[in-house]
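> sequence first, then the predicted structure:
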Amino acid sequence: MSLLSVRDLSTEFKSGDRWLEAVSDVAFDLQRGEILGLVGESGCGKSTIAYSVMRLLAHNARIRSGQVWLGDVNLAALDEQVLQDLRGRQISMIFQDPATALDPLFTVGHQVFETLQEHLDLEPAAARKRALELLRQLGIPAAEQRLNAYPYQFSGGMSQRIALAIAIACQPQVLIADEPTTALDVTIQAQILQLIRRLLVDEGGAGVLLITHDLGVVAQVCDRVAVMYAGKIVESGDVHSIFSNPLHPYTQALLNSLPSKGIARGRLENIQGQVPGLADRPAGCRFHPRCPQAKAVCREQAPPLKQVSARQEVACVLYD
Amino acid sequence: MSSTTEGQRPLLSAVGLSKYFPLETGLLASLRGDTATVKAVESVTLDVYAGQTLAVVGESGSGKSTLGRLLLRLLQPSAGQVLYQGQDIFSMKRAETRAFRRQAQIILQDPYASLNPRMRVDQIIREPLDIYGEGSKAERQKRVSDLLERVGLNRNHERAFPAELSGGQRQRVGIAAALALSPRIIIADEPTSSLDVSVQAQTLNLLSDLQRDLGLTYVFITHDLSVVQHISDRVAVMYLGKIVEEAPTETLFSEPKHPYTQVLFSAIPLPDPSRRMNWDLPKGEPPSPLNPPTGCHFHPRCPAAMSACSHTVPRFQSVGRDHGVACLLYDEEAGT
Amino acid sequence: MKAKMNLPSNPLAVTRKMYHASRSAFLGGAIILALLVMTATVSWYSPYSPEAMDFMAPLSAPTGAHLLGTDNFGRDILTRVLYGYQISLAVALGSVGFGLVVGVSLGLLAGYFGGVLDNFIMRPMDVLMAFPAIVLVVALTGFVGRDVTVMIMAVAVVYVPIFARVMRGSTLEVVNELFVEGARARGASHLRLMLRHILPNAIPPVLIQASILMGIAILLESALSFIGLGTQPPDPSLGLMLSEGRSFMQQAPWMVLVPGLAISLAVLGFNLLGNGLQELLNPASKSR
C-alpha cells in the first residue's frame, strides 16, 4: 500500500466573489522509501498541493473535492484536532524560507524539544539527548552550543538544517519539502538534498514529496516525478524515463529550455507565450495555446492522465 | 563572438577595486574604538571588452553584486579605480558623470521589486529620457513604443502597472528602461534568477539578440554557472570578495583550475538522472565575510588544502592563455 | 495569488470597488463625507440659527420642531451640533493638513539623506514629541489667545513630529528598494527620487495615521473646549455643549447625549477610514 495517496484533489482560491481552481483533479501515490518530485513553473499549483495535503491552506483557499489518504486515514476529511496530532508526528513539512518556519523568540533547542515533548512525551533529559543527536545527524557543528542559539544567529543553510531536524524529530513517514533549497547556494543545496535522501529515505524508509521548479534537483534526487502545468499533472513516471524520453510536449519544451544542455553559446529553445493565470486557464488541454503540436481536438477535450508504458503516464491526445 | 582580447583596449576595467562596509556596531563598541568592517570586495582587477560578455559568478556573500554597483558608481570604493574608456569614473566631474550614466546601465535582479509599483510601464521606460531631456514629448513616446516592441511587449502594455504583468514581462520592462538611453554597457545583476526556466530562456535569448543587434557589452552577475555557459565570453569566479579564477568560458568549463570552481561545478544539479553527482564534494558553509579565514579564504572548505593555505594569501597568476587563478596549487614559488 | 488591479474608469465603479475592497473604509468614508456635506451646507437648510434662543421651549425634549431637543436657552441642539462640527472638522482638517505637509517633508528629508540632516531634523522632533499635547496647547492658547487658528496650530505642532517619524520610518524602507536604485542608476536627481519614487510609495502608512489623527483632533478640540480653553460661548462647539449640558444631565440628558454621540460618530468615521485604508494600502494584511 502507498504511504500517501492523493485522489482527485481539487483546491480553489477565493478571488473577489469567485472561487478559482488552482489544482484540478490531481492524483498521485507516494511509496515507502522514495522521493517523488512535483515539478512545474510558478503558478502551476505544486505548492498548493503541498498545503492541501497538510491542510495548511490560507483562509482564502479550500479543498473543493478529493481525498488525501495517509495510510487508511483521509486527511482531507479529518477533524482538525486529530490532524494536529498527526502533523509533525507522521507527516511533516519544510518550507522554502527556513527563517519563517522558526520562531525568532525561542532558542533553537527549545523548538526542537517542544516538538519532541509534544509528540513523543519524552522526559526533558531524554528530549535534550535526542535533540543533540538530531543536530549532530544534520551536520551542525558544535551542536551543544547551537542548541542555545536563536534563529537569527544562523545562516540560511543552517536554519534549513534546524527546520529539517524539527521536521524529522518524530521520524515521520512522510516529509513534504516545498522548494527546500531554492533560497540556498548550490553547495549548500547539495548538502541539504543529500541529508534528506540519507536520513529520511535510505535510513528511515520514509517517503518524501519534493516540490521544486528545478529540473536539475529532480534529476539528481528523485526516484519518480510528476510534471505539473496549470493545475494539472501532465506527465508522471520514473525519473529516468521522463528525462530520457519525455512524452508530453510541455515536458519536452521544459527540458529543452534548460541552459545547461552542454552546448555552448546559442539560442535556447523556449515556450512561446506565458503560463495562463487562474482566471484564464483555457478549455480543453490547458497547454494547447502554447503547444507546437496542438490539434483541433485539444481545444475542446481535456485529456486524462493515461498509462502509456510500465513506467510512464501522460495526459496528451498524441498518445491515444 | 570571439573571446580574443589581444590588442584591444578594455571598455571598462576595475583596478585594485575594494569596498569595505563599516559594521553598525553598538555605541559601546564604537566608544572603545572597535570598528569592524565587512570586506565585500577586495582588490578586484578585471577588464571588460566592448561587445563581449563578462560573467561574474559567485555564491551569496561573494561580493558580486557590490562589485556590479561599484562598476556603475552606485557605491564609492574604499580603494582602487574603475576606468571607463581609460577614465576613472570616481574622479569624473558632474557633466562627465552624467555622460557616463547614459552609457552604463543596470538590469536588476528581482523584477517584482525593481519597478516602481506606482508608475505605469510607459512612465518607467520614459523616465531616463525625461531625465536627460531627450527629444520632444512625441519623440519620447515613439521611443517608448519602439523599445516595448524591441523587448517583445506591445502597446497594450504601455498603460499597465507592474502588478498587472508577469515576472518575465516585468523583466522585459526593466530591460527596456535600461536600453532607453542607448547605453554601451549593461551590468545585469542576476537578471533571470527569479524567473521560471522557460521564461529564463526567453529572457536570455532576448539579451543575446540585443547584444548582437546593438553591439552591447554585458557584465552578467549570477550565481548560476549553467546560465553563464550560454551568455558569456569570459567568466570570473568570486569567493568572499576576491576573484579566485578568471578564464574564457570554454576554458573554464573544460578545465576549471581553482578547487572552488571545481566544487561549484560539482554542486550544480545536472538535469540528467543518469549522471548523478558525487555527493561528498562540497563541505562546510561559506564563512561569514565579517571574519574571513586567514590565508586563502577557501582553505577550510577546500578538498585540496595544504598547510601553507592557512597562512599564505595566494596571488592571482596566469596559468594559461587568458586564464588566471589565485591558488597555491598552481604557484610554483609558494606551493612547494 | 496575485490579483490583477484594474483601475475602474468611472466614479460609480470606484465606489463599488472601494465597497468591495474594504467595507470599513467605505463606511468610514461615507460617514465623513455625509458629515462634511451636512455641516458645510447647514446654513442653507437649517430653520434655526445656532445662537437663536427659543424662550418658549427651553430644555425641550426631541419634538417635531426641535428634532434633537433644545438646551437651557432653548437653542436647537441639532443645529448647534451641525455648526459645532464645523469647528471640529476645521480643527481636524487644518491641524492634520498642516501636520502632514510639514511632517511629511521633514520625515522624507531625514529618511532620504540620513546622517547629520537626519539628526538635525529628528532630535528636535523627539523633544516636541515628549511634550504632552494638552500642556502644549494650554501654553500656546495662553500665549496667543483663544481662536480656531490657534487651536489648529497647537494641534498641528503636536502632529508634526508624529507624521515626521512615521514618514521617516517608511522612507527608510522604501529608499532601499531596488527600483529606487534602478532610478538612481538611470541618473535620477535627488528631487526626482524623493518625489517620484519614494513619496508615493512611502506615504500610505502616513495617510492611515492621518485619518486616525483626525479623529483624535476632534477629541482634542472637544476636550479643550470642554475645559474652557477652546471655543468660547456662545459659539457652538461639541465639547462646549457637553460641558454646558452637565448641569442639566437629570432634566435634559439629550444635552450631553447628542453632542457626545456626535463626537463619537465623527471619531468612529475617521477610525473606520483609517482601518480600511490600512487594509487597502497594505495588501499583506488581507487575503488576496
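That came in fine, so what should we check first?
> count of neighbours near the single nearest residue of the stretch 151-300 of chain A relative to chain C?
The stretch 151-300 of chain A approaches chain C most closely through A:Leu278 (6.4 Å), counting by C-beta to the nearest C-beta. To be clear about C-beta, it is placed using only N, CA and C from the backbone, and glycine gets the same treatment. Residues near A:Leu278, counting by other C-beta atoms under 10 Å in any protein chain shown, number 20.
> wait, what's in contact with C:Arg80?
C:Pro50, C:Asp71, C:Pro236, C:Met241 (C-beta atoms under 8 Å, 6 or more residues apart in numbering or on different chains).
> how about the residue of the stretch 151-300 of chain A closest to chain C, nearest residue that isn't a chain neighbour?
A:Leu20 (4.2 Å; C-beta to C-beta, 6 or more residues apart in numbering or on different chains).
> for the spatially most central residue of chain A, give the beta-bridge partners.
The residue lying closest to the centre of chain A (C-alpha atoms, centre = their mean) is A:Ile211, at 2.6 Å. Legend: beta-bridge partners of A:Ile211 under DSSP bridges are A:Leu38, A:Asp178.
> how much space between it and A:Ala58?
17 Å (C-beta to C-beta, to the nearest Å).
> circling back: keep only those of the contacts of C:Arg80 that are in helices.
Mapping the contacts of C:Arg80 onto helices (DSSP state H) picks out C:Met241.
> A:Gln220: which of the contacts of C:Arg80 is nearest?
C:Met241 (77.3 Å; C-beta to C-beta).
> what secondary structure does the closest residue to that closest one other than its chain neighbours sit in?
Distances taken as C-beta to C-beta, 6+ apart place C:Pro259 nearest to C:Met241, at 4.0 Å, with adjacent residues excluded. With DSSP: H, G, I helix; E, B strand; the rest coil as the basis, C:Pro259 sits in helix.
> most neighbours, which of the contacts of C:Arg80?
C:Met241 (27 neighbours).
> does it touch C:Gly84 like I think?
Yes - with contact defined as C-beta atoms under 8 Å, C:Met241 reaches C:Gly84; the gap is 6.2 Å.
> shared neighbours, the two?
Joint contacts of C:Met241 and C:Gly84 (C-beta under 8 Å, 6+ apart) are C:Pro259.
> if we can go back for a sec, OK, contacts around the residue of the stretch 151-300 of chain A closest to chain C?
A:Phe13, A:Ser15, A:Leu20, A:Glu21, A:Ala22, A:Gly43, A:Gly231, C:Met1.
> give me phi/psi at the second one?
By that I understand A:Ser15. Backbone torsions of A:Ser15, given as degrees, to the nearest 10, read phi -130, psi 110.
> ok, now how distant is the spatially most central residue of chain C from C:Leu33?
With distances taken as C-alpha atoms, centre = their mean, C:Met214 lies nearest the centre of chain C, 1.5 Å away. Using C-beta to C-beta, C:Met214 is found at 13 Å from C:Leu33.
> could you do A:Gly204 as well?
A:Gly204 is 64 Å from C:Leu33, by C-beta to C-beta.
> ditto for B:Gln109
Distance, B:Gln109 to C:Leu33, by C-beta to C-beta: 44 Å.
> give me every residue in the stretch 1-150 of chain A lying close to chain B.
When proximity is defined as C-beta under 8 Å from any C-beta of the partner chain, the stretch 1-150 of chain A approaches chain B at A:Glu41, A:Ser42.
> quick one, strands of the stretch 1-150 of chain A?
Shown for the stretch 1-150 of chain A, the strands assigned by DSSP state E, counting those that start in this stretch span residues A:4-15, A:18-30, A:35-39, A:61-70, A:73-74, A:91-94.
> could you save the ones you listed as TSV and add columns showing mean pLDDT?
Shown next, in TSV, are these (pLDDT from 0 to 100):
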stretch	mean pLDDT
strand A:4-15	92
strand A:18-30	93
strand A:35-39	95
strand A:61-70	93
strand A:73-74	92
strand A:91-94	92
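> which residues in the chain form helices?
If you meant another chain, say so; for now it's chain A. So, for chain A - with DSSP H - the helices run A:46-54, A:80-86, A:98-101, A:108-120, A:124-137, A:143-146, A:156-168, A:186-195, A:215-221, A:239-244, A:249-256.
> that's the other chain; I wanted chain C
C:11-21, C:23-40, C:42-45, C:77-113, C:115-130, C:133-144, C:148-175, C:178-185, C:190-192, C:199-202, C:204-226, C:238-245, C:254-281.
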